[in-house]
Each structure stands twice: as structure tokens, then as C-alpha cells.
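Undergrad: just a sequence and a predicted model for now, questions to come.
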Amino acid sequence: MVRRHELTDQEWELLAPLIPRAATGRPRVEDRQVINGMVYKIRTGISWRDLPERYGPWKTVYTRFRRYALDGVFTRALQQIQAHADAAGDIDWLVQIDSTIVRAHQHAAATGRKKGGAAHQQDEPDDHALGRSRGGLTTKIHLACDGKGRPLALPVTPGQRHDSVCARPLLERIRVPRTGPGRPRCRPDQVIADKAYSSRGLRAYLRKRGIAHTIPEKTDQRRHRLRRGGRPPGFDRETYRRRNMIERCFNRLKGFRGIATRYEKTATSYEAAVTLASFLLWARSV
């Protein structure tokens, strides 16, 4: 029987082949039971210590989650399901980019600042993607999604980081492998973004890569252009109206309470939780 906030049989069939298994050693808690504990945790936002006993010891669930986060297990699972969707022609490459602010719980902010510890290993940023903005300590999720509102790439940064600074790294994270021979697909057909991404540098970068883009021009940029002369950047209002798909994607991601509020101390663990939630969104759409 599948309980509330647990993997369905279809979702487990997609994820099971990508879970690493030890060939030797003592018997361990069943993988599906542990993964269900992880999903329950990010769905409800409860503390690891408060996990129901049916998922096994909470330390086992947390340790395995942390190990999978450092090994990139959930990232590979997300790429794998994207690859199968792309092979079936199910990905709409009209890509939208945006970001959303997430408040950090006080427990997430209680992270040691000493260098050299476990928190500073495996490319963990020194600031743990925690920034101080008007609402207090926050983290920002930068997201690229396809035309059907499904995540393609998602780095996390401190909350005060400007969107335009992260646009290029975000687009370079899009990497959908091929199911057969061939290089991964990294280039969208078109990019849609709001005024926060309006900059000459980003437009030049997109033109250099041969990516069409629909980004509205800021008022001050329009005023400067009229003063010095020059053609306005192309802008299609009908295409721009499709940007609502990324807002819907954020809405579905924040249906996970462990995503809507950050409880994880490290950026690695929080990004892994967002990636697992993104995998579940894909699994329910294919």
C-alpha cells in the first residue's frame, strides 16, 4: 500500500536503477523504504529526528540522503528522466528562467563557519548559499524550466544574489544526455526571461550561442537607447505570455514544505532536496 507522501510504483521504477547498492556488507534498510523517508521529509518539512519509525532509523535515512547528495545521485536521476523525455520528443525547448526567494529557518542558519570541516568539503560554498536580505536570512533558487513547466537546471545562491549575475551559469547547467550516442543537449531553442535579466551582456551571450530570446527592455535602458540611437531588441508579446509556466513550476516545487522553507544547513543538501522534488515533478508528468 502506497501511503501519502511516498513514491508510487511508477516513480520507484524510474529511480530504483540509479540507487547505488553495496555488493557486500551487512543487511541494510530497504532502499525504497529509505527513499520514502526522504520524500516524506521534504514533503512535510519535519525534522530528521521526527521521521516516522516505518522508514527505519532516522540516522540511516539522513546519512544515506547526505551520501546521495554528495555523490550527485538525484542529479543523475533528474538527467536520466530528462534524457528519456527528450528522446521521446516530450521536452519543449522554449526555456524560461527565473528565481525565487526562500526563507531560511533558524536551524538552517546555525552552521559552523570553521574551514576544513565536513561542511566545507565537496564544493560546499563558504556561505552555504545563505544571504541576508530584507526578510532576514534567505536562499535563492535559480531555475530553468522547459515549455511545459518542468525543471531543467537549478543552482542555489545566497538570497541577495542578482538574477542577471546567475543567468549564464544557470543556462550552462542545462545538460540533457542522449539515450544513445551523441553529446548532451545544452542549447535551448529560445529563452524567455523577465526584466531582471535585461542586459547587453546576456543578450550578446545568447546571440553568440545562437539562442533566440524574449526579454523585455528596462525603462532606463530604453531611455538610454533613444538618447544614443539604435534599434530596439526584438520582443514578442505572445511568446512572453508563456512565461507563466515557470511561475507554475515554482508553485509546485513550493508545495514541498521542505523546499518552501529551507531547513537544511548546507547548500549541497538543500540543492539535493530541490533536485529530488524536481525529479518527482518529472516522474508525474511522463
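TA: Sure, I can see it. Numbers count the residues shown, from 1 in each chain.

Undergrad: centre-most residue in this structure?
TA: Centroid-nearest residue in the chain, with Cα atoms, centre = their mean: Leu154, separated by 3.0 Å.

Undergrad: you'd agree that one is up against Val274?
TA: Yes - with contact defined as Cβ atoms under 8 Å, Leu154 reaches Val274; the gap is 5.7 Å. Using the backbone N, CA and C atoms, a C-beta is placed for each residue, glycine as well.

Undergrad: shared neighbours of the two, anything?
TA: Ile141 (Cβ atoms under 8 Å, 6 or more residues apart in numbering).

Undergrad: follow-up on the earlier one: which strand or helix spans the closest residue to the residue nearest to the centre of the chain other than its chain neighbours?
TA: In space, Leu154 comes closest to Leu143 once its chain neighbours are excluded; the distance is 5.0 Å by Cβ to Cβ, 6 or more residues apart in numbering. Counting by DSSP states H and E, the element that carries Leu143 is strand 136-145.

Undergrad: ranges for the helices of the stretch 1-150 of the chain?
TA: Counting by DSSP state H, counting those that start in this stretch, the stretch 1-150 of the chain has helices at residues 9-15, 31-44, 58-71, 73-87, 106-109.

Undergrad: for Arg178, which of these is the nearest?
TA: Smallest distance to Arg178 across these (Cβ to Cβ): 6.5 Å, for helix 73-87.

Undergrad: list of residues touching the closest one?
TA: 14-15, 18-20, 68, 91, 151-152, 175-180, 185, 272, 275-276, 278-279, 282-283, 286.

Undergrad: same check, this time on stretch 15-35
TA: Residues contacting stretch 15-35 (Cβ under 8 Å, 6+ apart): 7, 12, 54-57, 60-61, 64, 68, 71, 73, 76-77, 80, 279, 283.

Undergrad: and the buried ones among the residues you listed, selectable in ChimeraX?
TA: Of those, the buried ones go into a single ChimeraX selection, burial set by 16 or more other Cβ atoms under 10 Å:
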select :7,12,55,56,60,61,64,68,73,77,80,279,283
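
Undergrad: show me what the helix or strand bottoming out on mean pLDDT in the chain is in contact with.
TA: Every helix and strand in the chain was compared by mean pLDDT, DSSP states H and E; the lowest is helix 219-228, with a mean of 81. With Cβ under 8 Å, 6+ apart as the test, helix 219-228 has contacts from Ser198, Glu217, Pro232.

Undergrad: and it, what's buried?
TA: For helix 219-228, by 16+ other Cβ under 10 Å, it's Gln221.

Undergrad: swap in stretch 142-159?
TA: Neighbour-count burial for stretch 142-159 flags 142-147, 149-159 (criterion: 16+ other Cβ under 10 Å).

Undergrad: the residues you listed in strands, which ones?
TA: The strands, defined by DSSP state E, take in His142, Leu143, Ala144, Cys145, Pro151, Leu152, Ala153, Val156, Thr157, Pro158 from the buried residues of stretch 142-159.

Undergrad: in JSON lines: those, plus pLDDT.
TA: JSON lines is the format used below for those (pLDDT from 0 to 100):
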{"residue": "His142", "pLDDT": "97"}
{"residue": "Leu143", "pLDDT": "97"}
{"residue": "Ala144", "pLDDT": "97"}
{"residue": "Cys145", "pLDDT": "97"}
{"residue": "Pro151", "pLDDT": "97"}
{"residue": "Leu152", "pLDDT": "97"}
{"residue": "Ala153", "pLDDT": "96"}
{"residue": "Val156", "pLDDT": "95"}
{"residue": "Thr157", "pLDDT": "94"}
{"residue": "Pro158", "pLDDT": "92"}
